[in-house]
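Peer 1: This is a predicted model, with the sequence first.
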Amino acid sequence: MKNLSIEIGNRNTKTSEGIIFPSRYTMFKQIGTTVISYNGCDYYIGNGSYDIELNKSKKDFMPLLLSAIAKSTTASDINLVIGTPINQRDTKEEFINKLKDKTFVFEYTNEKEKVQTRLINIHKVEVILEGLGSVKYLPAAAGKRSILIDIGGWTTNVIYISGGKIIDAFTIDKGILSFYKLIKDREEGTGELYSLEEIEDAIKQGYINNYSLEKITIFNTIVKEIKNRRNTKLFDIYFTGGGSTDFQEYIHQIGGTILQDNVFTNVKGNLKIAEEIWNG
């Protein structure tokens, strides 16, 4: 039996085994990519467009989930942990109904075109609110009052902690993909049409450099919503999530600290929480 935590983020899919890949797939043939053949369809993983549906339980997440399992373990019997945004806590039963005590058969083809037929039995399923797992990675030197800010793709999860207890938590519908969308909208205003994925790649490759206004706009919007909730001066501020790396220069300017291994604190911490529940 393998205990495995998976976070199907709006930007990246991550697992507690240190696996990460873009949360995208296409049914158009791609060369040199992993393929999931499931229910009579071939899904080319890591290509295609981002899903703009914010409710994770309503996404067609099975190709990404099966890919994450195949990339992470050779085991057939899985106890599974799934992460979901704080404002989607009501989706827990939907995930459990779709996954618990279910068997999935599929073919997995890796980048070297090696094909494996996989039969996966999912036994226990636990759904953890995003950000909670990262609480376990707050440093011992953290003050008694802390804010943990988890910046993802389309959402940012915020947790307020006082005296070792969570006193408030909420989700902001903004993340690093919101920044890419601002650039996309700006370019469309000049008659240039690009996909969100093209904007992201062009920024990473240095073809788009004039983005500081849009980037600080999204970051300031996130910070403003947090400050509107509670006065941040009374808390130590910690950041995690992949988006924290993208905003790191602004995080340092406001005195925030980025957790070590920030890309994986959520998914690894979620596994710790689930195992505590399963072990009683």
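Peer 2: Good, I have the coordinates. Residues are numbered from 1 along each chain as shown.

Peer 1: where along the chain do the helices fall?
Peer 2: 62-72, 92-99, 132-135, 176-188, 196-204, 212-229, 242-246, 248-253, 265-278 (DSSP state H).

Peer 1: how about the fourth one: buried residues?
Peer 2: Under the neighbour-count criterion of 16 or more other C-beta atoms under 10 Å, helix 176-188 has I176, L177, S178, F179, Y180, K181, L182, I183, K184, E187 buried. Using the backbone N, CA and C atoms, a C-beta is placed for each residue, glycine as well.

Peer 1: Might you report the residue contacts of the fourth one?
Peer 2: I take that to be F179. Y211, E214, K215, I218, D246 (C-beta atoms under 8 Å, 6 or more residues apart in numbering).

Peer 1: what about the third one, distance to Y25?
Peer 2: What it means is K215. 27 Å (C-beta to C-beta, to the nearest Å).

Peer 1: who has more neighbours, these two?
Peer 2: Y25 (25 against 19; other C-beta atoms under 10 Å).

Peer 1: ok, that one - contacts?
Peer 2: Y25 makes contact with I36, Y43, Y44, I45, G46, N47, G48, P63, L64, S67, according to C-beta under 8 Å, 6+ apart.

Peer 1: the strands in the stretch 51-200 of the chain, which residues?
Peer 2: 77-84, 102-109, 115-129, 145-151, 156-162, 165-172 (DSSP state E, counting those that start in this stretch).

Peer 1: I'd like those as CSV, with mean pLDDT appended.
Peer 2: Shown next, in CSV, are the strands of the stretch 51-200 of the chain (pLDDT from 0 to 100):
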stretch, mean pLDDT
strand 77-84, 94
strand 102-109, 95
strand 115-129, 94
strand 145-151, 94
strand 156-162, 93
strand 165-172, 92
